[in-house]
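**Q** Predicted structure and sequence below. I'll ask about it afterward.
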Amino acid sequence: MAISQESDEINSTTLAEKDLISSVDEVMNSVKNDASATENLAT
């Protein structure tokens, strides 16, 4: 019983981490896009 509860907690943590990682990826991509747009304006 305790083992299955632990694995459930691990699974939900993994899902939360995946969500966080994808959010970070999206932010990084938008920062890159903003940076390249700024470079294009500068040149």
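**A** Done, it's in. Numbering: from 1, shown residues only.
**Q** how about the helices in this protein?
**A** 2-42 (DSSP state H).
**Q** where does the chain have low pLDDT?
**A** Within the chain, the segments meeting pLDDT under 70 span 1-3.
**Q** which of the residues in stretch 19-28 are buried?
**A** By 16 or more other Cβ atoms under 10 Å, stretch 19-28 has no buried positions at all. Using the backbone N, CA and C atoms, a C-beta is placed for each residue, glycine as well.
**Q** where's it relative to the chain centroid, distance-wise?
**A** Here stretch 19-28 is found 2 Å from its chain centre; the criterion is Cα atoms, centre = their mean, to the nearest Å.
**Q** do stretch 31-43 as well
**A** Centroid displacement of stretch 31-43 relative to its chain, using Cα atoms, centre = their mean, is 22 Å.
**Q** swap in stretch 4-17?
**A** Put simply, stretch 4-17 sits 17 Å off its chain's centre (Cα atoms, centre = their mean).
**Q** how about that stretch: buried residues?
**A** Result for stretch 4-17 [16+ other Cβ under 10 Å]: no buried residues.
**Q** pull the CA atoms of that stretch into CSV?
**A** Below are the C-alpha coordinates for stretch 4-17, written out as CSV (Å, rounded to 0.1, in the frame of the first residue of the first chain):
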residue,chain,number,x,y,z
SER,A,4,1.9,2.4,-4.5
GLN,A,5,1.3,5.7,-2.7
GLU,A,6,5.0,6.5,-3.0
SER,A,7,5.1,5.7,-6.8
ASP,A,8,2.0,7.9,-7.2
GLU,A,9,3.8,10.8,-5.5
ILE,A,10,6.9,10.2,-7.8
ASN,A,11,4.6,10.1,-10.9
SER,A,12,2.9,13.4,-10.0
THR,A,13,6.3,15.0,-9.2
THR,A,14,7.6,13.9,-12.6
LEU,A,15,4.6,15.3,-14.3
ALA,A,16,5.0,18.6,-12.5
GLU,A,17,8.7,18.6,-13.4
